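Enquirer: Next comes the sequence, and after it the predicted model I'd like to discuss.
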Amino acid sequence: MQLLTSSVGRKVLMAITGQLMVLFVIVHMLGNSSIFIPGGINAYAEHLHALPPLVWGFRLVMLASVAIHILFGVQLSLENRVANAETYAVKNLKRATLGSQSMLYTGLLLLAFILYHLLQFTIRATPDIVAGVDAQGRFDVFAMVTNSFSHGIIAFVYIAAMVVLFLHLSHGIQSFFQTMGWNNNKTLPVIGKIGTVAAVVLLLGYASIPLFIVSGILKG
Amino acid sequence: MILDGKCPTGPIEKTWDKHRFDMKLVNPANKRKYKILVVGTGLAGGAAAASLGELGYNVEAFCYQDSPRRAHSIAAQGGINAAKNYPNDGDSIYRLFYDTIKGGDFRAREADVWRLAQVSNNIIDQCVAQGVPFARDYAGYLDNRSFGGAQVSRTFYARGQTGQQLLLGAYSALARQIKAGTVKMFPRTEMLDLIVVDGEAKGITVRDMVTGEIRTHVGDAVVLCTGGYVNVFYLSTNAMGCSVTAAWKAHKKGAFFANPCYTQIHPTCIPQHGDKQSKLTLMSESLRNDGRCWVPKNKGDKRAPGEISEEERDYYLERKYPSFGNLAPRDIASRAAKEQCDDDRGVGAGGRGVYLDFAASIKRLSEDTIRERYGNLFEMYEKITDENAYKVPMRIYPAPHYSMGGLWVDYNCESNVPGLFVLGEANFSVHGANRLGASALMQGLADGYFVIPYTIANYLAKTTPGKVKADNPECRKSVEDVNNNLKKLMSINGKKTVSEFHRELGKIMWENVGMARSEQSCKEALKKIPEIREEFWKNVKVSGSGAEFNQQLENANRVADFLEFAELMTRDALYRNESCGGHFRVEHQMPDGEAKRDDEKFCHAAAWEFKGVNAEPELHIEPLKFENVHLAIRSYK
Amino acid sequence: MSHDKTMTLTLHVWRQKGPKDPGKFETYEAKDVSPDQSFLEMLDEVNEDLIKAGKDPIAFDHDCREGICGMCSQVINGAPHGGMDRTTVCQLHMRMFKDGDTIYIEPWRARAFPIVKDLVVDRGALDQIIQAGGYTSAHTGGIADGNAILVPKDDADYAMDAAECIGCGACVAGCPNGSAMLFTSAKVSQLAVLPQGQAEAARRVCAMTEELKAQGFGNCTNHYECQASCPKGIDVKFIAKLNREYLKALCK
């Protein structure tokens, strides 16, 4: 029970669920990258959907992770706000970063983005969706994505969301190691750098798709 | 009156064990019926409150700071002595006993010092068990360093923060008892009076420093652990809040004050920088292990230290005391520094300073080794002076640091007022006329952990618990007196601030009753002190009200007591017509400038009885007998 | 080094009569400030002037004035203790300021530290955390020899690094979340690494972190502002150690 109520326990749960999501985000990015191989993403999607237990297992784990992460994230943030209600006349932070200070906001923005993203490409309920099949009769993910991202505004939303993800992860990845206790004064700066690099890679990996499409480099 | 220290008789090495057996005990079931009031939560008070609480007594502890973890014991840097003889270099309980007696210039009670040396070993074990991170060698054994006044390495240390670590150990033990409910803690609470009922100490009157409430706490015994009084000099190494107030109030209620003229001037402090300075900063004496004291040979030589060649330097401690060299005891090292400066060979702005040079050690051991040993001290020195002591020699000058004198106590640490026990720096018992380095921590913890738990039972066993109730007329009277006194302070509304008076008093004391005293200087001070006191009570300005957090009122009250105490201290310095340890009367010195004792006339403790603010105190004498060490001329050559 | 030049500074000082008073900034001028003075000595002088003018002097906590007691507690220009590396307010010297500078002086701000008056806060919550378990349950007396249990030098040094904490609360004041995690972790780590403290390690870490919450401190979100604020440079590695100890304790 301490895990669910104590300060450290809840943070550990946030760290673990956060890290699960990071793993998912990495896998998802690798999958997405198949868009750069002709016909790749359609094949990837078909293979994936041929394994419903895996997909649904994955989805359930992710759903639970998101729920736990958000629940405790909001709860801990609210507690922190109460614990430190007043601010100083002069602000003088030395080690806190934009990322570390905006975790709640970037987190909530990401939640909004995830909902939109699911609505768009998973449930396919947004007006921009083109649902067709390719030459091999597979669902044409490629056409759907390139069509949607050819709208400047949608591409922009995706790129912006990835910047938010970057901010969130620039603090979140290294924070995971600290919270799990896998850290000391020697590893801390290294892990901090690894966290930032990983966040940058994810940013570039994800943002490159809408960027390439909206700029006309990758065409449908 | 001839005072009896109630020392056990027989062979000295058996005294404490025998005495422990002879003393009465309190039945475990009865302990909680006794309430003990412990004032001060430094090493002595913290250790006492924790130990008494653990034994099952009902303890109330008080401190003026916001937490019991902040008492000034925390500032001790160098270490704590113990006769463990781990380095196999010839130490023993007897040698620690002997060194302490000799270091104190044969002005301490033998039996008390023996007990201190005997329990010193238990202290180390106790602190280790509490999780005090003493320095260890690579094999995991406790490490030792050497210290002034000893030729063996018996000092245990935790970097440059030994006092802090020992205090936090005692504090954590205290925290455990607070949690267990055996000790009730009252922080930000200052004792302003002792309540004596039928000749016995039965309570205290305190001021809640947050609300200003004056209230009494009654108990079956009072334990004062309120530290020393060298803030009488205004500038000292003590914390700003250190005062004589608790001890002085007890003195005014009948407790004798013994040897108040014994004050220690610590040799290695950072020289004063200006007249707005509020305190002096001490740097551990351990620096003298690797630093060499010198001044230019030529008078008035104002060149930078680097430009003064080896031949033009006078390593005066090594010259005068070849066998102890830079490790001569504190009083000797301090006076030697003063002599050089009086001779116009002092260094730095104002010429009140000598060099402490690490160049030779850095060359011999490497800068890293020196950094490992004293890094935090060098850092602190740089923060204050803006000078890098790895590159240029440090400048040091003596500063008031510790008071060996204090309330008179017998072998049981009990004052002449039954039920009033006094521990640590607040009592006069073990350091004689001079304290050796790393012995204050030892005494505080010895008294608190290993002496008071036994001796207080001997007193309590003879009393009925809860005899005095809060509605006792003495309590009411005490509250009234305290209130009137504070009201008076608030109502003067004069023109001078409390610090101005304190500074003035300090100057008089430092110049006339400081490192060197004479009949003339003491008489001069005795003339001036009452004058300032009189002016204080006519012209001090304290704003705000008594019923709130009011730091000025706190200070005013403390300075008012210093103004009374200073006179007693000076009187004692005038009375003690000899030089011994930290008390140096210029009329009494050897041809080479060493202190010259007069054992015929002054081989005793002088305990003074209060007779009124402007009346002469009455002198009581406790003769000192030396049966186990030979009363000799102290030599560190 | 002594400097002849003195400075004039403008101070904006938080004045608050008591815990319920709303409080506000008052402006004072500090004149003839010597660069060799400490920050508190500068405030002493301002107070002397205030007293003489019949005004209430600024209340601030201070005691040892040599950087070890942990009593002094002021946020200077947004930084606890003034933000100089490994320096408490009492060890802060005026040479770090320039003539004409404006300085904001505020109390520690956190819900767990209610303001007593002006710059004075109540840090009793830190004592409560220690009381929850920041000790070894060693009885007075009857203890085996100090060398009976060897402690590797690295462990002793590690414990000492943690034990240097002076309990001033700057970590809380500097933390955007008002968390006392660094303070708590320093004590947990010191005692967890020493064999003398290991017997109670699990119970201790749980009790102390529970108390942290009960006292109204926030949760650590790894900003590391605490280490940047700490006048003793206590490392956030001890927070990682606390987390590790906590997870170990949960597994028991």
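Expert: Arrived safely, thanks for sending. Residues are numbered from 1 along each chain as shown, chains lettered A, B, ... in the order given.

Enquirer: burial of the nearest residue to residue A:34 once chain neighbours are set aside, as a residue count?
Expert: If the residues on either side of it in the chain are set aside, residue A:34 comes closest to residue A:40, at 3.5 Å by CB to CB, 6 or more residues apart in numbering or on different chains. Any C-beta I mention is one placed from the backbone N, CA and C, and that applies to glycine too. Neighbourhood size, residue A:40 [other CB atoms under 10 Å in any protein chain shown]: 16.

Enquirer: is it true that residue A:40 touches residue A:32?
Expert: No - the criterion here is CB atoms under 8 Å, and residue A:40 misses it with residue A:32 at 10.0 Å.

Enquirer: Name the SS class of the most centrally placed residue in chain C, please.
Expert: Against the mean C-alpha coordinate of chain C, by CA atoms, centre = their mean, the closest residue is residue C:168 at 2.3 Å. State at residue C:168, reduced to three classes by DSSP: H, G, I helix; E, B strand; the rest coil: coil.

Enquirer: so what's it up against?
Expert: By CB atoms under 8 Å, 6 or more residues apart in numbering or on different chains, the contact set of residue C:168 is C:70, C:71, C:72, C:73, C:81, C:88, C:231.

Enquirer: So which of the residues you listed wins on neighbours?
Expert: residue C:88 (32 neighbours).

Enquirer: Tell me the spacing between that one and residue B:448.
Expert: As for residue C:88, its distance to residue B:448 is 27 Å (criterion: CB to CB, to the nearest Å).

Enquirer: how about residue C:76, phi and psi?
Expert: The phi/psi pair for residue C:76 (degrees, to the nearest 10) reads phi -110, psi 120.

Enquirer: and the spatially closest residue to it that is not a sequence neighbour, what does it touch?
Expert: Once flanking residues are discounted, residue C:76 sits nearest to residue C:82: 4.0 Å by CB to CB, 6+ apart. Residue C:82 is in contact with C:39, C:74, C:76, C:89, C:92, C:96, counting by CB under 8 Å, 6+ apart.

Enquirer: Give me the ChimeraX select line for these, limited to the buried ones.
Expert: Per 16 or more other CB atoms under 10 Å in any protein chain shown, the buried members of the contacts of residue C:82 correspond to this ChimeraX selection:
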select /C:39,74,76,89,92
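
Enquirer: Secondary structure added to the contacts of residue C:82, as TSV?
Expert: Formatted as TSV, these follow (three-state DSSP):
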residue	secondary structure
C:39	helix
C:74	coil
C:76	strand
C:89	helix
C:92	coil
C:96	helix
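
Enquirer: What is the nearest of the contacts of residue C:82 to residue A:59?
Expert: residue C:76 (52.3 Å; CB to CB).

Enquirer: Which residues does the closest one form beta bridges with?
Expert: residue C:79, residue C:105 (DSSP bridges).

Enquirer: Could I get the contacting residues of it?
Expert: C:39, C:82, C:83, C:89, C:92, C:103, C:104, C:105, C:106.

Enquirer: do the same with residue B:506
Expert: Here residue B:506 is in contact with B:232, B:233, B:234, B:235 (CB under 8 Å, 6+ apart).

Enquirer: Near the second one, how many other residues are there?
Expert: The one in question is residue B:233. Look at residue B:233: counted by other CB under 10 Å, it has 27 neighbours.

Enquirer: For it, which non-adjacent residue is closest in space?
Expert: Spatial nearest neighbour of residue B:233, excluding adjacent residues (CB to CB, 6+ apart): residue B:400 at 4.3 Å.
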